[in-house]
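> Take a look and give me a structure for this.
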Amino acid sequence: MKTYRLKTDQGVCIGFEISNDFLGSGAIARFINRVPDCEVITKRKMFSGSEVHVVFIYKDKEFQVWEPFGDNSRLHIGSESEVNEEIILSLVNAIKKTRNYFI
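Coordinates of the predicted model:
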């Protein structure tokens, strides 16, 4: 799966984007659950106005998967709190290795 890093002006990775090839919040949550060390906390309810599809924990840090403007070709994955760049890059690698299929 292709990822696109989100960086500050100083070049620090603060999150990343993945292609929005998913059918909905349920499919995104199932995918995140397959990523090693990830645990889904909440997923968006159907017809909710929220842009946040899934909230999950990775290495004791809370992350969100959200779709900017509710209609985008990419999903953003990041945290509202400050997270060590190494943890983010570790999550990027774990997501890249996880198969994207809908079961």
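
> from here on, contacts and neighbour counts on C-alpha atoms
OK.

> Ramachandran coordinates for the nearest residue to F16 once chain neighbours are set aside?
In space, and not counting its chain neighbours, F16 is closest to R5: 4.1 Å by Cα to Cα, 6 or more residues apart in numbering. As for R5, its main-chain torsions (degrees, to the nearest 10) stand at phi -80, psi 140.

> so what's R5 up against?
Residues near R5 by Cα atoms under 8 Å, 6 or more residues apart in numbering: 13-17.

> before we move on, what about R74?
Counting by Cα under 8 Å, 6+ apart, R74 has contacts 17-20, 67.

> Write the PyMOL selection for whichever of those are buried.
Applying 16 or more other Cα atoms under 10 Å to these leaves a buried subset, and the PyMOL line that selects it is:
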select buried, resi 17+18+67
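
> Closest to N33 out of the contacts of R74?
Proximity of the contacts of R74 to N33 was ranked by Cα to Cα; the top entry is I18 with 15.8 Å.

> ok, the closest one - contacts?
Residues near I18 by Cα under 8 Å, 6+ apart: 1-4, 74-77.

> mind checking how far the spatially closest residue to it that is not a sequence neighbour is from G15?
Spatially, and ignoring its direct neighbours in sequence, I18 is nearest to T3 (4.9 Å; Cα to Cα, 6+ apart). According to Cα to Cα, to the nearest Å, T3 stands 10 Å off from G15.

> So for those two, which sits in the more crowded spot?
G15 (22 against 16; other Cα atoms under 10 Å).

> What mean pLDDT does the host helix or strand of the more buried one get?
For G15, the element it lies in under DSSP states H and E is strand 13-19. Mean pLDDT, strand 13-19: 89.
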